[in-house]
Structures are given as structure tokens and as C-alpha cells.
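# would you be able to build a 3D model of this:
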Amino acid sequence: MKHLSLFTAVALAACSSTDTALYRLPDSAYRLPEGNGTVTALKTVLPKTAAENSLIYQTDAYRVHFSRQNRWAEPLNEALSAALANKLNRRGKNRYIPAHLSGSLKTADTVYIDRFQGSYRGETEISGHIRYADGSRRSFHALTPQYGDGYAAMIESLNRGLDSVAEQLQ
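Numbering: from 1, shown residues only. Down below sits the predicted model:
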């Protein structure tokens, strides 16, 4: 019986050490923009490694860590599409809707994200490019200071970085 109790205690300890924390981007709840006019779908494409919903942190100049216990609460490409659409809509020049919510809109701008991560340097990095529906392209890159430690501080910094990306895209 003692053997079974020891086994149960070890199993429970192992379970508690693998708790997963789920995170959301602060601006990822899509809000339909006011006004009339053409609406463009906004699609976000991530590298395969980032599409697995792990939070990513660069630990030194050569290594990148994919967290197993700190993950995105929703598919990152959808959260990024919604957050960027919200930020671009607030800038007021165009009207965007995330591609996963757009139904059958034929006009789409596609954002390709190369990096969306924290860094050992105390900043977050977002880089990539957008391909507009007319075929033109524009690169973007945002380095944003991270204030405080931990994944919550990293996500807040990434959110501020997306503000910079939205500014670069319009």
C-alpha cells in the first residue's frame, strides 16, 4: 500500500509541474470597424515552428526556446490577424477583418511573420512583410523594450510592437 501511495504522490507532483499557462494578446478580440466602404480580409501566415502555439523566447544569440508550458490560448495566426485588424482599423485609412472571420471576401492582404518572440536582450521582436491584394509588398520590423520579467511582460511588449507594425503598414 505504501508503494501505491508513493506512486500516486510522484504522479501528482509530475502533473503539477507541467501545468500549462495560456496567454492571449490584449487586442485579439476583433471589433468590427465603424463606417462604410471596402473591407479587406487580413490573413496572417506564421513559420511552421511558431504555428504550434508555443511562446517563443530567444535565450542567447544562437538558441530559441519554444515553451511547452506557456502557450497561446488560441491559434496565434488568428489572434495576430484580429489584433492587427483592430490596430489598422483604429488608424482609419482602410477597413480590415481577420481572414478566419471574413467568409468569402476575395480581397485579402497577407501578413507573413518571420519573428514574434521575446529576447534575452530585454526586448521583443516582430518582423516580416505584408503582401497587399494588389501584389505590392512592404517589410516591417519592430523591436520593443520589455518592462519586467516573465511571459505576461513579454506579451505586453509584443502588443506594443504590433502597434508599431500597424504604423509601418499604413
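# from now on I want contacts and neighbour counts done on CA atoms only, so please keep to that.
Noted.
# mind listing the strands for the protein?
Per DSSP state E, the chain carries strands over the ranges 21-23, 39-45, 54-58, 64-72, 95-98, 108-119, 123-131, 137-145.
# tell me which of the ones you listed sits most buried.
Among these, strand 95-98 has the highest mean neighbour count (mean count of other C-alpha atoms under 10 Å), at a mean of 26.
# count the neighbours of Lys106 for me.
Per other C-alpha atoms under 10 Å, the neighbour tally for Lys106 reads 11.
# low-scoring stretches of this protein, by residue?
Within the chain, the ranges that satisfy pLDDT under 70 run 1-18, 51.
# show me which helix runs longest in it.
Longest helix in the chain by number of residues (criterion: DSSP state H): helix 151-169.
# which residues does the spatially closest residue to Asp109 that is not a sequence neighbour contact?
Distances taken as C-alpha to C-alpha, 6 or more residues apart in numbering put Tyr132 closest to Asp109, at 4.5 Å, once the chain neighbours are dropped. Taking C-alpha atoms under 8 Å, 6 or more residues apart in numbering as the contact definition, Tyr132 lies against Ala108, Asp109, Thr110.
# ok, so of the residues you listed, who is nearest Arg91?
Using C-alpha to C-alpha, the shortest approach to Arg91 within the contacts of Tyr132 belongs to Asp109, at 16.3 Å.
# for the closest one, name its beta-bridge partners.
Counting by DSSP bridges, Asp109 forms beta bridges with Leu42.
# again, but for Thr124
Under the criterion used (DSSP bridges), Thr124 bridges to Gly118, Thr144.
# so it touches Gly118, yeah?
Yes. The pair Thr124 / Gly118 is scored as a contact, 4.3 Å apart, by C-alpha atoms under 8 Å.
# common neighbours of these two, please.
Residues touching both Thr124 and Gly118 by C-alpha under 8 Å, 6+ apart: Met154, Leu158.
# how about the nearest residue to Ser139, chain neighbours excluded?
In space, and not counting its chain neighbours, Ser139 is closest to His129: 4.0 Å by C-alpha to C-alpha, 6+ apart.
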